[in-house]
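Peer 1: kindly generate the corresponding structure for this input.
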Amino acid sequence: MITPTPSGRSGYSGRSSPTSRSGRSATALAAGAAGVPAEAVVPPVRRPRVAALRALIALAAVTGVVIDLVTGSPFRVLSYFTVQSNVLVAVVLGLSAWRAWRARRPLPPWLTGATVFFIAITGLVYHLVLANGSSGFSMTEEGPPSNWHALANHLLHTVTPLGVALDWLLLTRPGGLRPRHAALWLLYPLAYLAFALTRGALLPPGSPARYPYPFLDVAAHGYAGILGNAIIFGSAFYALALLTVTLDRFRPGPRAPKNRISPQAAGPLK
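Peer 2: Sure, this is the predicted structure:
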């Protein structure tokens, strides 16, 4: 049945036709080409499987952090970049899970991208530097960790970085990052450097984990050595941030959910 609409055009007062669905798709594509996020045109839908995966990643981060807090000194544990970045993962992935479950719009790309960047630093620095006996900054000489500490290490340095990266690469809409975000994200590592050096200067010599990481140990390398390390690591981090922004332009987008509200029309409009 054809009924007039307030604008004078004719509207179909029954099932959604293939023409109308293709019109919505064309609108979304046109919006994407114009630089407008597709979710600003097409309303979000519930994604329960995505929500469950993100909740599991957040739970892994929370579990690892809680184990470290229970088995160690909270003041010392919270000074590690690893723990701070995993707290961010728990918050951001928890919020993302809730929004996917409730069909809310996703978090801003700069925030999800920052989370990927920071937790990637955690995973890469651990596996390439801290757990590498030939790096010159290895922490393996401290002895084998206990079972609980080993579990926390695995969760915080391997499970959450891989989980966050896979979620971002495959389940998050691409195209929202810009080169300026790469520079913006470096503010946190710079702030952490200032925090770690200030904390170490305030603690008395011989304090446990006075400097959280060997490459920040002023007593061992001096401030000139720390400056050199900061330049090397900072350059690597900036390259990683630019790589994240570049990948955002080429990674695949998540598959659009099937239309469960308006089934395919049985025949042409009459």
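
Peer 1: any idea how far the closest residue to Met139 other than its chain neighbours is from Pro214?
Peer 2: With Cβ to Cβ, 6 or more residues apart in numbering as the criterion, Met139 has its nearest non-adjacent residue at 4.8 Å, and that residue is Leu130. (Each C-beta comes from the backbone N, C-alpha and C, glycine too.) Counting by Cβ to Cβ, to the nearest Å, the separation of Leu130 from Pro214 is 8 Å.

Peer 1: and what of Gly253?
Peer 2: 41 Å.

Peer 1: of the two, who's got more company?
Peer 2: Shown here are Gly253 and Pro214; by other Cβ atoms under 10 Å, Pro214 has more neighbours (17 against 13).

Peer 1: just confirm the more buried one contacts Gly225, I think it does.
Peer 2: No: judged on Cβ atoms under 8 Å, Pro214 makes no contact with Gly225 at a distance of 11.0 Å.

Peer 1: so where do the strands sit in the chain?
Peer 2: Using DSSP state E, the strands of the chain run over 2-4, 10-12.

Peer 1: can you flag the weakest of those by average pLDDT?
Peer 2: If you rank the strands of the chain by mean pLDDT, strand 10-12 sits at the bottom with a mean of 40.

Peer 1: the residue lying closest to Pro208 once chain neighbours are set aside: neighbouring residues, count only.
Peer 2: Setting aside the residues directly before and after it, Pro208 is nearest to Arg76 in space (Cβ to Cβ, 6+ apart), at 6.5 Å. Neighbour count for Arg76, taken as other Cβ under 10 Å: 18.

Peer 1: mind pulling up the pLDDT for Arg76?
Peer 2: At Arg76, pLDDT is 94.

Peer 1: Ser207 now?
Peer 2: Confidence at Ser207, expressed as pLDDT, is 89.

Peer 1: count the residues that sit near Asp167.
Peer 2: With other Cβ under 10 Å as criterion, Asp167 counts 21.

Peer 1: for it, what are its contacts?
Peer 2: Contact partners of Asp167, counting by Cβ atoms under 8 Å, 6 or more residues apart in numbering, are Val50, Leu53, Arg54, Ile57, Leu93, Ser96.

Peer 1: in contact with the last one, which residues?
Peer 2: If I follow you right, that is Ser96. With Cβ under 8 Å, 6+ apart, Ser96 has these contacts: Arg54, Pro106, Leu107, Thr112, Asp167.

Peer 1: any idea how far it is from Ser85?
Peer 2: Ser96 is 16 Å from Ser85, where distance means Cβ to Cβ.
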